[in-house]
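Q: only geometry, no sequence info:
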């Protein structure tokens, strides 16, 4: 079992920055790919970014490329999402998730942290 706890959300003006963190406990993140997802009110949860355990290669949805950066520190069992140039449409609850690197389904999810971007 992996327990994930996000932090760092808040209210920011458009154009501002936030840094989300996801701390894992219960099991080391080695062997887990990590993902960030978000869900806005009335909308489906959507993929934001992911970073592989084995190669550390990150992937992003098109709308956040060049603005968001995800990183991981396996020694500290943490994953971060640095967000710059935030837009009102980035407003959502952000979740981190973990999946064993050999599977396609995310097994463990955090409780989410609210990000609100005002115009």
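A: Received it, and whenever you're ready, just let me know what you need. Small disclaimer: the values here were computed from a predicted structure and weren't measured. Numbers count the residues shown, from 1 in each chain.
Q: Relative to residue 106, how far out is the residue nearest to the spatial centre of the chain?
A: Among the residues of the chain, the one closest to the centroid is residue 36, at 2.8 Å (C-alpha atoms, centre = their mean). Distance of residue 36 to residue 106, computed by C-beta to C-beta, to the nearest Å: 11 Å. Yep, even glycine has a C-beta here, placed from its N, CA and C like the rest.
Q: Quick check: neighbours shared by the two?
A: residue 97 (C-beta atoms under 8 Å, 6 or more residues apart in numbering).
Q: just to revisit the earlier point, let me know the secondary structure of the residue nearest to the centre of the chain.
A: strand (DSSP: H, G, I helix; E, B strand; the rest coil).
Q: I figured it hits residue 96, correct?
A: Yes. Taking C-beta atoms under 8 Å as the definition, residue 36 is a contact partner of residue 96 at 5.7 Å.
Q: what residues are shared contacts of these two?
A: Joint contacts of residue 36 and residue 96 (C-beta under 8 Å, 6+ apart) are 20, 22, 79, 81.
Q: so which pair among those residues is furthest apart in space?
A: 20 and 79 (8.8 Å; C-beta to C-beta).
Q: Any chance of the backbone angles for residue 63?
A: phi -70, psi -10 (degrees, to the nearest 10).
Q: burial of it, as a residue count?
A: Residue 63 sits with 13 neighbouring residues when counted by other C-beta atoms under 10 Å.
Q: Tell me where this protein has strands.
A: Secondary structure of the chain (DSSP state E): strands located at 3-7, 10-13, 18-25, 32-39, 46-51, 58-60, 68-73, 78-83, 92-100, 108-109, 113-118.
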